[in-house]
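>>> The sequence isn't on hand, but the structure is:
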């Protein structure tokens, strides 16, 4: 992830490192990415949003083509894979913590936030 040097309020759990963003309100994140580059991801840390709100964050080299360690890409297409379960995210997390194992296999997957074939989940 992004190094949050001197901006800890820009990354963390609601009510721990920052106040939660209330419904109908907005918040502008301001953080420094000096010396950082690459394809990263951002995600929410609060409630059900932590499992459903995420996206790509691309920090390109400052000096363009000469800064890449390879030929400058002709095109970039971020691909984000997601998963979801037919149960509460909190229940899944608690189950894993109680038994000391990773969660069960998810019930569905998404690519860039869009589900694929929902069979047999479409029957639920």
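Good, I have the coordinates. None of these values were measured; they are calculated from a predicted model. Numbers count the residues shown, from 1 in each chain.

>>> And for residue 71, the neighbour number?
By the criterion of other CB atoms under 10 Å, residue 71 has 7 neighbours. C-beta here means a position set from N, CA and C on the backbone, and glycine is covered the same way.

>>> wait, doesn't residue 113 sit right on residue 82?
Yes. Applying CB atoms under 8 Å, one finds residue 113 in contact with residue 82, separated by 6.7 Å.

>>> So for the two, which sits in the more crowded spot?
Legend: neighbour count by other CB under 10 Å for residue 113 and residue 82, higher for residue 82 (16 against 11).

>>> quick one, what contacts the more buried one?
Going by CB atoms under 8 Å, 6 or more residues apart in numbering, residue 82 touches 52, 54, 109, 110, 111, 113.

>>> Now do the fourth one, the pLDDT please.
According to the model's per-residue confidence, residue 110 sits at a pLDDT of 85.

>>> Need the pLDDT of the residue lying closest to it once chain neighbours are set aside.
In this structure, residue 110 finds its nearest non-sequential neighbour in residue 82, 4.1 Å apart by CB to CB, 6 or more residues apart in numbering. On the pLDDT scale, residue 82 is placed at 85.

>>> Outside of stretch 59-79 itself, list whatever touches it.
2, 33, 36, 37, 38, 39, 40, 56, 58, 111, 112.

>>> Turn those residues into JSON lines, columns for distance to residue 13 and secondary structure.
Listed next are those as JSON lines, based on distance: CB to CB, whole Å; DSSP: H, G, I helix; E, B strand; the rest coil:
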{"residue": "2", "distance to residue 13": "16", "secondary structure": "coil"}
{"residue": "33", "distance to residue 13": "22", "secondary structure": "coil"}
{"residue": "36", "distance to residue 13": "22", "secondary structure": "coil"}
{"residue": "37", "distance to residue 13": "26", "secondary structure": "coil"}
{"residue": "38", "distance to residue 13": "24", "secondary structure": "strand"}
{"residue": "39", "distance to residue 13": "24", "secondary structure": "strand"}
{"residue": "40", "distance to residue 13": "19", "secondary structure": "strand"}
{"residue": "56", "distance to residue 13": "22", "secondary structure": "strand"}
{"residue": "58", "distance to residue 13": "25", "secondary structure": "strand"}
{"residue": "111", "distance to residue 13": "28", "secondary structure": "strand"}
{"residue": "112", "distance to residue 13": "26", "secondary structure": "coil"}
